[in-house]
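> with the sequence up front, the predicted model follows.
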Amino acid sequence: MAAPSTSKPLVTDFASSVSHIPSTYVRPISDRPKLSQVETSRDTIPLIDLRDLHGPNRVEIISQIAHACSTYGFFQIKNHGVSETTVNNMLTVAREFFHQPESERMKHYSTDSTKTTRVSTSFNVSADKILNWRDYLRLHCFPIEDFINEWPENPLSFKVITAEYATSVRALVLRLLEAISESLGLERDHISNSLGTHAQHMAFNYYPPCPEPELTYGLPGHKDPTAITVLLQDQVSGLQVFKDDKWVSVYPIPNTLFVNIGDQVEVISNEKYKSVLHRAVVNTDKERLSIPTFYFPSADAVIGPAQELINGQSSPAVYKSFPFVEYWDKFWDRSLATASCLDAFKASTT
């Protein structure tokens, strides 16, 4: 574990007062962002219009989703059904949360990764060997009524706005899971049924300006433990995805959301769709805010490849079936030390 070299546990509360980042945030030379070598994404990331997903163009949209998932592992979506007002309110109240006094934010501070609502820093600050230039609020939001009472009381509109956004995004996720199932040639409800009773978390990631962004990460390269992740971000670039052996910057497009395949859909699809390696970098000038919605199996779910996608020697099972809770424990224990923990669940080839 890297001990913070400042008395302030959250980056937000010391970032503006330092001209060099503390040594606990400095990556070894071999593991730095190399920002000058990153490609730009202006035309390379699929943008899928969902307007007619339940209309006459469904087959074409399903085909676009299949191509994006199999070739990229990620895509952007527009006309997604989450209203512009809901999106703007979510970004506004999230920023207000991080602009509150330290004492208000610290009411929710915890290093216990099992807590269902908590403010923390880095990734898993209890285990991280090198810290990340990121503070976050993480909360569980399905079923909302089970968790809303523990969400922050301030800003005063936080609970109402977050509940509205979480509900809208869950409806979107369910439509996307149907489309992804269909794109694999599976029954429309296959992935949804594989996730047990479902789980939904949100993170509110806050990346303050950083005096030496070339030395550290907001988050290092990793793959998500989810079925899928739906990301809302402000207009400050910072997300990068790994494609064709290079890092590519994702430039935010207004009124779009970014969707990436997570480890659980990689397993269910028998690796036809791959979980995508991505990271967050920081900059010297601007704070950045991103709000991912993580959609998971419930703790009692058992995840494994769809039997319809396994075919003897030509398409053997890449992964064995496993209780999701086993995967979840391993994910947090490894603290992003490796990009993914799926290797532990590969099917035996002997």
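On my side now, so go ahead.

> burial of the closest residue to residue 183 other than its chain neighbours, as a residue count?
Nearest residue to residue 183, sequence neighbours excluded (CB to CB, 6 or more residues apart in numbering): residue 66, at 3.7 Å. C-beta: built from backbone N, CA, C; applies to glycine. The tally of other residues near residue 66 (other CB atoms under 10 Å) stands at 18.

> okay, buried residues for the host helix or strand of residue 171 please.
Using DSSP states H and E, residue 171 sits in helix 158-183. In terms of neighbour count (16 or more other CB atoms under 10 Å), helix 158-183 has its buried residues at 158-159, 161-170, 172-173, 176-183.

> cool, and stretch 213-221?
Buried, per 16+ other CB under 10 Å, within stretch 213-221: 213, 215-221.

> how about those residues in CSV, adding distance to residue 75?
Supplementary listing: the buried residues of stretch 213-221 in CSV, determined by distance: CB to CB, whole Å:
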residue, distance to residue 75
213, 27
215, 31
216, 28
217, 24
218, 22
219, 20
220, 23
221, 19
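
> from residue 106, how far out is residue 115?
To residue 106, residue 115 is 14 Å away according to CB to CB, to the nearest Å.

> which strand or helix spans residue 146?
helix 144-147.

> residues in contact with that helix?
Outside of helix 144-147, the residues within contact range by CB atoms under 8 Å, 6 or more residues apart in numbering are 116-117, 139-141, 163, 166-167.

> repeat that with 10 Å
For helix 144-147, contacts defined as CB atoms under 10 Å, 6 or more residues apart in numbering pick out 116-117, 139-141, 151, 159, 162-164, 166-167, 170, 200-201.

> so which residues of the stretch 251-350 of the chain form helices?
263-268, 324-334 (DSSP state H, counting those that start in this stretch).

> again with the stretch 1-150 of the chain
Using DSSP H, counting those that start in this stretch, helices in the stretch 1-150 of the chain cover 58-71, 84-99, 102-105, 144-147.

> which helices and strands sit right next to the first one?
Translated: helix 58-71. Secondary-structure packing of helix 58-71 (3 or more CB pairs under 10 Å, 6 or more residues apart in numbering; DSSP states H and E): strand 47-49, strand 74-78, helix 158-183, strand 257-261.

> go with 8 Å
Applying 3 or more CB pairs under 8 Å, 6 or more residues apart in numbering; DSSP states H and E, one finds that helix 58-71 makes contact with strand 47-49, strand 74-78, helix 158-183.

> format these as a markdown table; extra columns: distance to residue 324.
Output for the helices and strands packed on helix 58-71, formatted as a markdown table (distance: least, CB to CB, whole Å):
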| stretch | distance to residue 324 |
| --- | --- |
| strand 47-49 | 28 |
| strand 74-78 | 22 |
| helix 158-183 | 15 |
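
> ok so, going back, select, out of the helices of the stretch 251-350 of the chain, the one closest to residue 131.
Smallest distance to residue 131 across the helices of the stretch 251-350 of the chain (CB to CB): 16.2 Å, for helix 324-334.

> can you dump the C-alpha coordinates of the closest one into PDB?
The C-alpha trace of helix 324-334 is given here as PDB (Å, rounded to 0.1, in the frame of the first residue of the first chain):
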ATOM      1  CA  PHE A 324     -19.700 -14.100  -9.800                       C
ATOM      2  CA  VAL A 325     -18.800 -13.500  -6.100                       C
ATOM      3  CA  GLU A 326     -15.500 -15.300  -6.700                       C
ATOM      4  CA  TYR A 327     -14.600 -13.100  -9.500                       C
ATOM      5  CA  TRP A 328     -15.700 -10.000  -7.600                       C
ATOM      6  CA  ASP A 329     -13.400 -10.800  -4.600                       C
ATOM      7  CA  LYS A 330     -10.500 -11.300  -6.900                       C
ATOM      8  CA  PHE A 331     -11.200  -8.100  -8.800                       C
ATOM      9  CA  TRP A 332     -10.900  -5.900  -5.700                       C
ATOM     10  CA  ASP A 333      -8.000  -7.900  -4.100                       C
ATOM     11  CA  ARG A 334      -5.700  -7.400  -7.100                       C
END
